[in-house]
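In: Sequence and computational prediction follow.
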Amino acid sequence: QVQLVESGGGLVQAGGSLRLSCAASTRTFSTFTMGWFRQAPGKEREFLAGISWVGDRTSYADSVKGRFTISRDTAKNTVHLQMNSLKPEDTAVYYCAAKRNIVVSGPYDYWGQGTQVTVSS
């Protein structure tokens, strides 16, 4: 079991950057694969990025590849999503997710409450 709390969302102009953070409440953080998703109004939840237990493997959606970077700090039980060159179409609620499965892609089991990201044009 793990509890996830996102932070770092907000309003930013197009072309700007934001860094999202997700704090995980668990004693076994290093055994969870971590991911970031987003959901825009009227759209399905979309996988953005995932990172393996020890951070040696990452996966990104084509829509964010080259602009977003996922990382994890095992000592602080935290995963980050650095978002650069933001576009208005990146506007969505962003969710942190976790699972014990070692496969970075695919469904996740645990979810945070989400943080709103709004990119103005």
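Out: Arrived safely.
In: what about the residue most central in space within the chain, which SS state?
Out: In the chain, the centroid-proximal residue (CA atoms, centre = their mean) is residue 36; its distance is 2.4 Å. With DSSP: H, G, I helix; E, B strand; the rest coil as the basis, residue 36 sits in strand.
In: Report the beta-bridge partner residues of it.
Out: Residue 36 forms beta bridges with residue 49, residue 96, as assigned by DSSP bridges.
In: Compute the mean per-residue pLDDT across whichever strand or helix holds residue 6, please.
Out: In the assignment (DSSP states H and E), residue 6 maps to strand 3-7. Mean pLDDT, computed over strand 3-7, is 98.
In: List the neighbouring strands of the very next helix or strand once past that strand plus their orientation.
Out: Per DSSP H and E, the first helix or strand lying C-terminal to strand 3-7 is strand 10-13. Taking DSSP bridges as the criterion, strand 10-13 pairs within the sheet with strand 115-120 (parallel).
In: how far is the strand it pairs with from where the chain is centred?
Out: Distance, stretch centre to chain centre, for strand 115-120: 14 Å (CA atoms, centre = their mean, to the nearest Å).
In: And for stretch 65-79?
Out: Averaging C-alpha positions (CA atoms, centre = their mean) puts stretch 65-79 8 Å from its chain's average.
In: Which residue, other than its chain neighbours, is closest to residue 58?
Out: Counting by CB to CB, 6 or more residues apart in numbering, residue 51 is the residue found nearest to residue 58 once chain neighbours are left out, at 5.1 Å. For glycine as for every other residue, the C-beta is placed from the backbone atoms N, C-alpha and C.
In: Please apply the same query to residue 30.
Out: residue 74 (5.2 Å).
In: Ramachandran angles for that neighbour?
Out: For residue 74, the backbone dihedrals (degrees, to the nearest 10) come out as phi -60, psi -30.
In: Wait, it touches residue 27, no?
Out: No. Counting by CB atoms under 8 Å, residue 27 is not a contact partner of residue 74; they are 11.9 Å apart.
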